[in-house]
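# Let me see the structure of the following:
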Amino acid sequence: MFYLLMLLAVILSGCSTPYQTMGWSGGVDAERMTTDTYRIVARGNGYTSSTTIQDYTVLKAAETTKQAGGTHFMIVGAADASRTGTIVTPGQAQTTVSGNTAMTTYTPAQAHSFIKPGQDTYIKVVNVLPGQAPPPGAISADEVIQFVGPRAKKPQFQL
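Numbers count the residues shown, from 1 in each chain. Coordinates of the predicted model:
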């Protein structure tokens, strides 16, 4: 029964977080802080890599920039919001008796550590006019969408 429950847990949570709005398994959101400043909040589950969360963060920043009418964004602050934890599976002892002999096999408890990557990033939306040079450190929203967008794991269906 225990192994069946573990298998079910793996099946239900065995996929990394897709590029989606924030949900129970993670995701990414943009929150407006001022007229031109946004906080990008990205969270993954234990099967999501930190580079995936970085891609989601920068892609959401680019999409938010375009939605706000900007062409570029600047990262003005960032913080690691990763979480760690441990799952402990219990030990198990099984005794078999054959005649006058009893044999016990023991499987010790096991601890499984995990990391749920997360990132909070503050961006400033910038609108660069044609022929104008972007400010130092500005990132092109169009280029991020072009190059990072295809790597984002977007869900194929919604429940």
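# So which residue is dead centre in this structure?
The centroid of the chain falls nearest to residue 44 when counting by Cα atoms, centre = their mean (2.2 Å).
# Need phi/psi at that residue.
When read as degrees, to the nearest 10, the backbone of residue 44 gives phi -120, psi 170.
# Would you confirm that it contacts residue 28?
No. Here residue 44 does not reach residue 28: they are 9.3 Å apart, not a contact under Cβ atoms under 8 Å. C-beta: built from backbone N, CA, C; applies to glycine.
# which residues do the two both contact?
Here residue 44 and residue 28 share the contacting residues residue 56, scored by Cβ atoms under 8 Å, 6 or more residues apart in numbering.
# just to revisit the earlier point, the residue nearest to the centre of the chain: what's it in contact with?
16-17, 26, 50, 52-53, 56, 116-118.
# cool, residue 21 as well?
27-29.
# Would you mind giving these as TSV with secondary structure and pLDDT added?
Formatted as TSV, these follow (DSSP: H, G, I helix; E, B strand; the rest coil; pLDDT from 0 to 100):
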residue	secondary structure	pLDDT
27	strand	90
28	strand	95
29	strand	96
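# Out of the residues you listed, flag the one nearest to residue 107.
Relative to residue 107, the closest of these is residue 27; by Cβ to Cβ it sits at 36.7 Å.
# and the closest one, what are its bridge partners?
residue 43 (DSSP bridges).
# what does residue 97 give?
Beta-bridge partners, per DSSP bridges, of residue 97: residue 102.
# Return the distance of it relative to residue 106.
16 Å (Cβ to Cβ, to the nearest Å).
# mind listing what's buried in the longest helix along the chain?
For the chain, the longest helix by residue count, based on DSSP state H, is helix 50-67. Buried residues in helix 50-67, defined by neighbour count with 16 or more other Cβ atoms under 10 Å: 52-66.
# Of those, which is the nearest to residue 33?
residue 64 (11.4 Å).
# isn't the closest one right up against residue 29?
No. Counting by Cβ under 8 Å, residue 64 does not reach residue 29; the two are 9.6 Å apart.
# list residues touching both of these two?
Counting by Cβ under 8 Å, 6+ apart, the shared contacts of residue 64 and residue 29 are residue 40.
# Can you pull out the low-pLDDT segments for this protein?
1-14, 155-159 (pLDDT under 70).
# now the helices for the protein?
Applying DSSP H to the chain gives helices spanning 2-13, 50-67, 141-147.
# Only alpha carbons, please: show the second one as PDB.
Backbone C-alpha positions of helix 50-67 (Å, rounded to 0.1, in the frame of the first residue of the first chain) are rendered in PDB as follows:
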ATOM      1  CA  SER A  50      16.600  26.600 -11.400                       C
ATOM      2  CA  THR A  51      17.500  27.500 -15.000                       C
ATOM      3  CA  THR A  52      13.900  26.800 -16.000                       C
ATOM      4  CA  ILE A  53      12.700  29.300 -13.400                       C
ATOM      5  CA  GLN A  54      15.300  31.800 -14.700                       C
ATOM      6  CA  ASP A  55      13.900  31.300 -18.200                       C
ATOM      7  CA  TYR A  56      10.300  31.700 -16.900                       C
ATOM      8  CA  THR A  57      11.200  34.900 -15.000                       C
ATOM      9  CA  VAL A  58      12.900  36.600 -18.000                       C
ATOM     10  CA  LEU A  59      10.200  35.500 -20.400                       C
ATOM     11  CA  LYS A  60       7.500  36.900 -18.100                       C
ATOM     12  CA  ALA A  61       9.500  40.100 -17.800                       C
ATOM     13  CA  ALA A  62       9.600  40.400 -21.600                       C
ATOM     14  CA  GLU A  63       5.900  39.600 -22.000                       C
ATOM     15  CA  THR A  64       5.000  42.100 -19.300                       C
ATOM     16  CA  THR A  65       7.200  44.800 -20.900                       C
ATOM     17  CA  LYS A  66       5.400  44.300 -24.200                       C
ATOM     18  CA  GLN A  67       1.900  44.400 -22.500                       C
END
